[in-house]
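Student: generate coordinates for the sequence data below:
(one chain, ligands or ions: 1)
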Amino acid sequence: MTDSHDDLAATPPLGWNSWNAFSCEVTEADIHAAADALVDTGLREAGYEYVVVDDCWMAGETDSEGRLLPSADFPNGMAALADYVHERGLKFGLYTSAGSHTCQGYPASLGREELHAKQFADWGVDYLKYDNCGDHRGRDAIDRYAAMGDALAAVNRDIVYSICEWGEHEPWRWGRNVGGHLWRATDDLVAKWRADRDEFGLGIADVLDRMAAIDAAAHGPGGWNDPDMLQIGTGPESGQSQHEPVDVQRPLTEAERRSHFAFWCLLAAPLMIGADLTSLSDFDRELLTNERLLAIDQDPLGVQGTPDRCDGDAEVWSKRLADGGAVAFHNLGDAKREISTHVSAVDVPGGADHYRVCDCWTSNEWETGGSLAMTVEPRDTAIVRVTPG
Ligand code: GAL
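Tutor: Next comes the predicted model:
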């Protein structure tokens, strides 16, 4: 057991979740394959450690005491699956909901928090994603999420508590107090740059707009604002959205995927990969294992990056780091352009004569007295690490 709640998620959790690639069709074999692939692709080595089974792992009925039972798609049960994951040096996560049912209509955990928390601990669960679907029986969100937080705190096992309340009741204000280590701040992210208003989910840019507006005071070591799982390597082109209607998702371009990953790292977001890892492209694998980006995400200060300038097609965002800062230059337009700023206008410690700058995509390094300028392709994001002296 860790010494404190915060130690369990001192930096944003990194891992993989079944939902974006497998939706409600997930099976034990898919989880085995994902765990194996995390090892084989080098993703585990890069820091991705949680393997989380999302909705639909449970049978349609509980046992007579109200315990959750695995569906026939998990024939060896959840303790054996946890063992499989642990044997590969990874950690195991499960999903349930703070209501009568999950979003896909399976039995869930409201009113049975202690029973289910004990089951999860006995099975060897290390991470719980707790959704917001089903009948709430008149109980408010804080009360429902506190009940599971208390139940998890009472079991003799470290379990990261991932609150999935979609930001409806501003969980960044209470998520930490109910024992949460991360809390979804937004609706579901789909594999689009921007979603149409009348369709399900949000695009990357929609989520960024919301993240820029929410309170980041509680975000930091031990508790994280969560802009949802990554949509890198998902979408029709990758053959990974066979379970979603095609009009809901389209593949992100390489520039959009670079921007998506750069911004999630700049936000110090939990990074839960959503792709089918058995068919991950080289581009996506290299993106997800970029050590300069991961170091920005995992920086020990745990600061959430914020926008410094949004003017027309050019945005500059920055994030304070333990030894300096990270600065992102995002081109929202359709033409290649230069975007510039100065260290005094971003969240980088000032007062130095010189700064070292490192381009996180190319690893090129140079020095500056303070001016920063990057040429950026359409929809793309340049991101640099700036260190005084
Ligand atoms: C949604 C949640 C998704 C996924 C889905 C499963 O509420 O935001 O991330 O877990 O339910 O049904």
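Student: the closest residue to residue 208 other than its chain neighbours in helix, strand or coil?
Tutor: Closest residue in space to residue 208, ignoring its immediate chain neighbours: residue 263 at 5.8 Å, by Cβ to Cβ, 6 or more residues apart in numbering. From N, CA and C alone the C-beta is placed, and that goes for glycine too. Of the three states, residue 263 takes helix under DSSP: H, G, I helix; E, B strand; the rest coil.
Student: for residue 263, give me its contacts.
Tutor: Applying Cβ atoms under 8 Å, 6 or more residues apart in numbering to residue 263 gives the contacts 204, 208, 305, 317, 328, 330, 381.
Student: got the phi and psi for the first one?
Tutor: Backbone torsions for residue 204, taken as degrees, to the nearest 10, come to phi -60, psi -50.
Student: circling back to that earlier point, most neighbours, which of the contacts of residue 263?
Tutor: Neighbour counts for those peak at residue 305, which has 29 neighbours (criterion: other Cβ atoms under 10 Å).
Student: from residue 36, how far off is it?
Tutor: 34 Å (Cβ to Cβ, to the nearest Å).
Student: which strand residues bridge residue 338?
Tutor: Taking DSSP bridges, one obtains residue 375 as the residues bridged to residue 338.
Student: of all the residues in the stretch 151-300 of the chain, which ones are close to the ligand?
Tutor: With Cβ under 6 Å from any ligand atom as the criterion, the stretch 151-300 of the chain meets the ligand at residues 164, 166, 188.
Student: pLDDT at residue 269, what is it?
Tutor: With respect to pLDDT, residue 269 scores 98.
Student: I'd say it and residue 225 touch.
Tutor: Yes - the criterion here is Cβ atoms under 8 Å, and residue 269 meets it with residue 225 at 7.3 Å.
Student: residue of the stretch 101-250 of the chain nearest the ligand, please.
Tutor: As assessed by Cβ to the nearest ligand atom, the ligand sits closest to residue 103 within the stretch 101-250 of the chain, at 3.3 Å.
Student: OK, contacts around that residue?
Tutor: When contacts are counted by Cβ under 8 Å, 6+ apart, residue 103 touches 55, 97, 131, 133-134.
Student: what distance separates the start and the end of stretch 269-279?
Tutor: Taking Cα to Cα, to the nearest Å, stretch 269-279 runs 24 Å from one end to the other.
Student: contacts for it?
Tutor: Applying Cβ under 8 Å, 6+ apart, the contact partners of stretch 269-279 are 12-17, 19-22, 33-34, 37-38, 41, 43, 48, 50, 52, 162, 182, 224-227, 229-234, 238-240, 264-265, 284, 288, 294, 297.
Student: quick one: distance of stretch 129-146 to the chain centre.
Tutor: A distance of 21 Å separates the C-alpha centroid of stretch 129-146 from that of its chain, computed with Cα atoms, centre = their mean, to the nearest Å.
Student: next, the buried residues of the helix or strand harbouring residue 79.
Tutor: Per DSSP states H and E: residue 79 is located in helix 77-87. Using 16 or more other Cβ atoms under 10 Å as the test for burial, helix 77-87 gives 78, 81-82, 84-85.
Student: pLDDT (mean, whole number) over it?
Tutor: The average pLDDT for helix 77-87 rounds to 98.
Student: helices or strands up against it?
Tutor: The contact analysis (3 or more Cβ pairs under 8 Å, 6 or more residues apart in numbering; DSSP states H and E) places helix 77-87 against helix 28-40, strand 91-97, helix 113-123.
Student: run a quick neighbour tally on residue 89.
Tutor: What residue 89 shows, counting by other Cβ under 10 Å, is a neighbour count of 12.
Student: repeat for residue 310
Tutor: Neighbours of residue 310 (other Cβ under 10 Å): 14.
Student: any weak-confidence spans in the stretch 201-350 of the chain?
Tutor: 236-250 (pLDDT under 70).
Student: so where do the strands sit in it?
Tutor: In the stretch 201-350 of the chain, the strands defined using DSSP state E, counting those that start in this stretch lie at 224-226, 271-273, 306-311, 314-321, 324-331, 337-342.
Student: re earlier: the contacts of residue 103 in strands, which ones?
Tutor: Judged by DSSP state E, the contacts of residue 103 include 97, 131 as members of strands.
Student: now the residues of the stretch 151-300 of the chain next to the ligand as a markdown table including neighbour count?
Tutor: Compiled in a markdown table, these are given as follows (neighbours: other Cβ atoms under 10 Å):
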| residue | neighbour count |
| --- | --- |
| 164 | 24 |
| 166 | 18 |
| 188 | 18 |
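Student: as a quick check, tell me the outermost residue of the protein.
Tutor: Centroid-distance maximum for the chain: residue 353 at 37.0 Å, with Cα atoms, centre = their mean.
Student: that residue contacts residue 369, correct?
Tutor: Yes - Residue 353 lies in contact with residue 369 (Cβ under 8 Å); the separation is 7.1 Å.
Student: coming back round to it: measure the residue farthest from the centre of the chain to residue 368 for me?
Tutor: Counting by Cβ to Cβ, the gap between residue 353 and residue 368 amounts to 11 Å.
Student: confidence score at residue 134?
Tutor: On pLDDT, residue 134 comes in at 98.
Student: how about it: what's its closest non-neighbour residue?
Tutor: In space, residue 134 is closest to residue 99, 2.5 Å off (Cβ to Cβ, 6+ apart).
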